[in-house]
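Trainee: Please work out how this folds:
(chains A and B)
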Amino acid sequence: MKYNWNWNVVLCRSECAQPYFDWILSGLGWTLVVSVMAWLIAFSVGSVVGVAKTAENRGLRLVAKGYVELFRNIPLLVQMFLWFYVVPELLPKVAGHFLKRELPLPEYWTAIVCLGLYHASRTAEQVRAGIEAIPRGQTLAALALGLTRGQVYRYVLLPVSYRIIVPPLTSDFMGIFKNSSVALTIGVLELTAQSRQIAEYTFNIFEIFTVATVLYMLVTLIVVTVMRYVEKKVRIPGTIAMGGS
Amino acid sequence: MVGRFDFTVIFSNLDILWNGMLITLLLTVVAIVGGILLGTILALMRLSRFKLPAYAAGRFVDAFRATPLILVIFWFYFAVPIVTGRPIGGLYSVLIAFTLFESAYYCEIIRAGIQSIRLPQVHAGLALGLTRWQATRHVVLPQAFRNMVPLLLTQAIVLFQDTSLVYVVGLKDFLTAADLVATRDNRVVEMYLTAAVVYLVICSLGSLWVRRLQRQYAI
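Mentor: The predicted structure follows:
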C-alpha cells in the first residue's frame, strides 16, 4: 500500500492551499445547526401527529396514520429531492419564485424542513407508544374529575409519556444527526460534504475521514451521556426502569 | 397546470429505470444476506464468554452505528482502491460498505433475539448432552430467528430505502437512473415523483406483509 500519511492536512489554516481545518469546523457547525433545528420540527410535528394517532376522532387518526406511512416509506434522499426540486415547481408561481430565488440559503432551509418532517413520522410513533403505555384508568380518572380532553393530554398523558420515551427520543435525535449527512446531496456543506471535498483536494482520505468519523462518534457519545443523565432525572418512580416494584 | 408535465418520459425510459431497479435489488439482497450472516457471527461474539471477541464485536458495532451511512460509503469508495492497490469499481466498494454497515444493525437485532430466549432452554440442552455450540445452533438460534423475522424484515425495508444513497458515488441504482433521465430530458418533476411513488408502493406493500407475518409468527 503506497500512501503518504500527512496528518497536518486536518490542521491546516493558512499554510495549506485551503484552510481545511476551518472547513471541518464549519462542516461540524452546520451538521449541528441542521440537526438541532430539524429535531425541533420533528419533535413538535411528531408530537401533534402522535397525539392525533391516539385521538377519538377516526378521521384524525387516519390522517395521522397516512402521514406516518407516507413519510416512512419514501427514502430520505428522494424526499430531499422532492422538497428541493419538485415542490417549488408545484407551488403557485409567487411562492415557487420565493423558494428558488429570494429565500437566503435555500438548501439549508430545505434540508432542515425535510429532515424534520421525515423524522417527525418516527417521533410520532414514539409519542403514540408512550401515550398508549399509560394505563387507561388515568385518562378516565382525569375525565371524571372534569378535565377536558385537551387538558387530559396537556396535564396527564403528555407529561408522563415524554418521561417514558426519553431513550427512544434520544436515538431519534441520533438518527437525525446522522441523516443530516444526506443534505449534502442538495448542496449543504455539512461535515461529510466538507470531508469529501477535502479528500478530493488532498487525497489524504484516511486522515480526513478518520477525523470526520471521530467527530461524529464524539458528538454521539456526548449526547448519549447527557441524555442518560436526563433519563435518570426524569425517570418515573415505581417503574421497572427505577428498579422498584 | 398538469399540461406542463409529460409523464410519457417514464415509458420511453423503462429499460434504464428497470436496470437501475436491478442494481437496487442486487444491493438489497447482498446486504441482507451478508448482513444477517455477519450480524449473527457478531451477535454470538458479543454474547460470548470470552472477553476479547465480545469487546471487538462491541466496538465494531458501535463504530458503524455512530457513523452516517454516506460517510461509510465514502470511506470504502475512496479507501478500498488504495488498500488493494487497484481500482475495484463503485459496485464492489458499495457492496462491502453496505454489508458491513448493515451487519452492525442486524447484530443488535439478533443479539436482542438471542437474549429473549430463556436460559433454562440452554440448560435443558446442555443437560441432554449437547455441547455449547450444539445448544446454540439447534436450540437457541432457531427460536431466536423465529422471534426476529418481523424485525429483520423491517430492517430490510429500511435497507432497501437506504440503497438510494449510493447516488453519492454515482452508482446507477434506481434513483440515480431516474435522476439521470430527469436531468437529461429536463423532466425533473415527473421523474422524482415517479421514483417517490415506486419506493412508496414497494415499501408500503413490504410493511403490510411484515405486519401480517408479525401476527402469524407471534409465539
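
Trainee: following the longest helix anywhere in chain A, which helix or strand shows up next?
Mentor: Secondary structure of chain A read by DSSP state H shows that its longest helix is helix A:20-53. Downstream of helix A:20-53, the next assigned helix or strand under DSSP states H and E is helix A:58-72.

Trainee: what sits up against the helix or strand just after that following helix?
Mentor: On the C-terminal side of helix A:58-72, the closest following helix or strand by DSSP H and E is helix A:76-81. Residues from elsewhere that reach helix A:76-81, judged by C-beta atoms under 8 Å, 6 or more residues apart in numbering or on different chains: A:71, A:110-111, A:114-115, A:117-118, A:179, A:182-183, A:185-186, B:161, B:164-165, B:167, B:175, B:179, B:192, B:195-196, B:199. In short, each C-beta sits where N, CA and C put it, glycine included.

Trainee: What is the distance between helix A:76-81 and the centre of its chain?
Mentor: Remark: helix A:76-81 is offset 15 Å from the chain centroid, using C-alpha atoms, centre = their mean, to the nearest Å.

Trainee: would you put the C-alpha positions of the helix or strand that it is followed by in CSV?
Mentor: Next in sequence after helix A:76-81, counting helices and strands by DSSP H and E, comes helix A:87-90. Provided in CSV are the C-alpha atoms of helix A:87-90 (Å, rounded to 0.1, in the frame of the first residue of the first chain):
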residue,chain,number,x,y,z
VAL,A,87,-42.2,21.4,-4.5
PRO,A,88,-41.1,24.9,-5.8
GLU,A,89,-42.4,23.8,-9.3
LEU,A,90,-45.8,22.6,-8.0
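
Trainee: same for the worst-scoring helix or strand of chain A on mean pLDDT, what does it pack against?
Mentor: Least confident element among the helices and strands of chain A, by mean pLDDT, DSSP states H and E: helix A:93-97 (a mean of 81). The contact analysis (3 or more C-beta pairs under 8 Å, 6 or more residues apart in numbering or on different chains; DSSP states H and E) places helix A:93-97 against helix A:87-90.

Trainee: which helices and strands does the helix it packs on pack with?
Mentor: Counting by 3+ C-beta pairs under 8 Å, 6+ apart, helix A:87-90 packs on helix A:93-97, helix B:188-217.

Trainee: do that again at 10 Å, thanks
Mentor: Secondary-structure packing of helix A:87-90 (3 or more C-beta pairs under 10 Å, 6 or more residues apart in numbering or on different chains; DSSP states H and E): helix A:93-97, helix A:106-132, helix B:188-217.

Trainee: Pick the most buried one from those helices.
Mentor: Counting by mean count of other C-beta atoms under 10 Å in any protein chain shown, helix A:106-132 has the highest mean neighbour count of the helices and strands packed on helix A:87-90, with a mean of 22.

Trainee: any idea whether residue B:142 is helix, strand or coil?
Mentor: helix (DSSP: H, G, I helix; E, B strand; the rest coil).

Trainee: burial measure for it, as a count.
Mentor: 10 (other C-beta atoms under 10 Å in any protein chain shown).

Trainee: That one and residue B:26, how far apart?
Mentor: For residue B:142, the distance to residue B:26 equals 29 Å [C-beta to C-beta, to the nearest Å].

Trainee: same thing with residue A:68?
Mentor: From residue A:68 to residue B:26 the distance is 29 Å (C-beta to C-beta).

Trainee: what about these two, which has more around it?
Mentor: Ranked by neighbour count (other C-beta under 10 Å), residue A:68 and residue B:26 place residue A:68 first, with 20 against 14.

Trainee: In chain B, where is pLDDT below threshold?
Mentor: B:1-3, B:218-219 (pLDDT under 70).

Trainee: Over to chain A?
Mentor: A:1-2, A:239-245.

Trainee: Who are the contact partners of the residue nearest the centre of it?
Mentor: In chain A, the C-alpha nearest the mean C-alpha coordinate belongs to residue A:176, at 3.1 Å (C-alpha atoms, centre = their mean). Counting by C-beta atoms under 10 Å, 6 or more residues apart in numbering or on different chains, residue A:176 touches A:34-39, A:41-43, A:115-116, A:118-119, A:122-123.

Trainee: nearest spatial neighbour of residue A:3, skipping sequence neighbours?
Mentor: Of all residues not flanking residue A:3 in the chain, residue B:82 sits nearest, at 5.9 Å (C-beta to C-beta, 6 or more residues apart in numbering or on different chains).

Trainee: Helix or strand: which one has the one you found?
Mentor: helix B:69-84.

Trainee: Just the C-alphas of that helix, formatted as CSV.
Mentor: Below are the C-alpha coordinates for helix B:69-84, written out as CSV (Å, rounded to 0.1, in the frame of the first residue of the first chain):
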residue,chain,number,x,y,z
LEU,B,69,-24.1,5.7,6.1
ILE,B,70,-23.0,8.2,3.5
LEU,B,71,-19.7,8.6,5.3
VAL,B,72,-19.3,4.8,5.4
ILE,B,73,-19.9,4.7,1.6
PHE,B,74,-17.3,7.4,1.1
TRP,B,75,-14.8,5.5,3.3
PHE,B,76,-15.0,2.4,1.2
TYR,B,77,-15.3,4.1,-2.1
PHE,B,78,-12.1,6.1,-1.5
ALA,B,79,-10.1,3.7,0.7
VAL,B,80,-10.6,0.3,-0.8
PRO,B,81,-8.7,1.1,-4.1
ILE,B,82,-5.8,2.5,-2.0
VAL,B,83,-5.6,-0.5,0.3
THR,B,84,-5.9,-3.1,-2.5
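
Trainee: Any buried residues in it, and which?
Mentor: Buried positions in helix B:69-84, judged by neighbour count with 16 or more other C-beta atoms under 10 Å in any protein chain shown: B:69-81.

Trainee: could you check whether the longest helix of chain A is close to chain B?
Mentor: Yes. Helix A:20-53 is in contact with chain B by C-beta under 10 Å from any C-beta of the partner chain, via residue A:31.

Trainee: Equivalent analysis for stretch A:117-127, please.
Mentor: No. Judged by C-beta under 10 Å from any C-beta, stretch A:117-127 stays clear of chain B, getting no closer than 10.8 Å.
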